[in-house]
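Colleague: no FASTA, just this:
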């Protein structure tokens with residue numbers, strides 16, 4: 001249990017997808033103009049991560065790893081399909097993203113319209129694919145660890161985009177120099193938020 005808590009906290013604060021690895025910056029900057037749309041996209045990212053990463057973990061462990069297919073037949077004991085991991089991960093992410101897009105369009109058409117092209121673009125969101133690749137690189141031993149990492153990474157991305165959206169809404173009423181209005185001040189705020197999140201790296205877990 002302690003290990004799962006450590007993974008969860010680290011993936012939110014010390015290894016935040018946005019502020020530690022700069023993954024998913026395109027939609028992070030584009031959809032963070034209002035808290036409502038940022039919340040919707042953040043929840044969608046959490047859902048996609050929590051579904052795709054465990055699925056990719058199971059596929060990687062029981063299909064793609066060298067010798068993973070030995071459960072099927074002893075003659076597959078030397079088979080190594082790990083070179084397919086990248087394209088398999090992308091296919092899983094794209095499939096789940098399509099499902100999320102259909103659900104959002106069905107039940108919250110207003111949110112679907114406000115998110116626009118950035119909802120289907122979750123399929124190419126670097127944070128989503130990055131989660132599966134980090135899972136592969138770090139070699140999590142159990143499905144619980146992989147799922148906890150997925151949830152923590154999604155929550156970290158959610159907190160980052162909602163926080164930035166709240167700040168940007170307040171900035172509309174601020175006296176900002178003309179050359180810095182828009183993305184200029186947004187880049188400065190994101191940099192300051194990244195520096196603030198660096199303070200969490202001092203936590204020893």
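Modeller: On my side now, so go ahead. Source: prediction; values computed, not measured.
Colleague: Figure out how far the worst-scoring helix or strand of the chain on mean pLDDT is from the centre of its chain.
Modeller: Across the helices and strands of the chain, mean pLDDT, DSSP states H and E gives its lowest value to helix 109-115, namely a mean of 77. Mean-position distance between helix 109-115 and its chain equals 20 Å (CA atoms, centre = their mean, to the nearest Å).
Colleague: and the next element down the chain from that helix?
Modeller: Heading C-terminal from helix 109-115, the first helix or strand you meet, by DSSP states H and E, is helix 126-138.
Colleague: buried stuff in whatever helix or strand comes next after that following helix?
Modeller: As assigned by DSSP H and E, the chain's next helix or strand after helix 126-138 is helix 143-171. By 16 or more other CB atoms under 10 Å, the buried positions in helix 143-171 come out as 145-165, 167-168. To be clear about C-beta, it is placed using only N, CA and C from the backbone, and glycine gets the same treatment.
Colleague: and helix 143-171, what other elements does it pack with?
Modeller: Other helices and strands packing on helix 143-171, by 3 or more CB pairs under 8 Å, 6 or more residues apart in numbering; DSSP states H and E, are helix 2-9, helix 25-30, helix 35-59, helix 126-138, helix 183-198.
Colleague: re the thing from before, check which helices and strands the least confident helix or strand of the chain is in contact with.
Modeller: helix 35-59, helix 85-107.
Colleague: Any idea which of those helices gets closest to residue 140?
Modeller: helix 35-59 (6.9 Å; CB to CB).
Colleague: in that closest one, what's buried?
Modeller: Neighbour-count burial for helix 35-59 flags 35, 37-57, 59 (criterion: 16+ other CB under 10 Å).
Colleague: Tell me which other helices or strands that helix touches.
Modeller: Against helix 35-59 (3+ CB pairs under 8 Å, 6+ apart) you get helix 85-107, helix 109-115, helix 126-138, helix 143-171.
Colleague: rank those by pLDDT, which is bottom?
Modeller: Of all the helices and strands packed on helix 35-59, mean pLDDT reaches its minimum on helix 109-115 (a mean of 77).
Colleague: Turn the helices and strands packed on helix 143-171 into TSV, columns for distance to residue 15.
Modeller: Putting these into TSV (distance: least, CB to CB, whole Å) gives the following:
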stretch	distance to residue 15
helix 2-9	9
helix 25-30	16
helix 35-59	14
helix 126-138	8
helix 183-198	10
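Colleague: of all those helices, which lies closest to residue 68?
Modeller: Here helix 35-59 is closest among the helices and strands packed on helix 143-171 (CB to CB), at 9.3 Å.
Colleague: The closest one relative to helix 85-107, how many degrees between them?
Modeller: Relative orientation of helix 35-59 and helix 85-107, computed by axes from the mean of the first three to the mean of the last three CA atoms, to 10 degrees: 140 degrees.
Colleague: Off-centre distance for helix 35-59?
Modeller: For helix 35-59, the distance to the chain centre is 6 Å (CA atoms, centre = their mean).
Colleague: Could you do stretch 107-125 as well?
Modeller: On the basis of CA atoms, centre = their mean, stretch 107-125 sits 15 Å off its chain's mean C-alpha point.
Colleague: List the buried residues for it?
Modeller: Neighbour-count burial for stretch 107-125, counted by 16+ other CB under 10 Å, picks out 111, 112, 114, 115, 118, 119, 121, 122, 123, 125.
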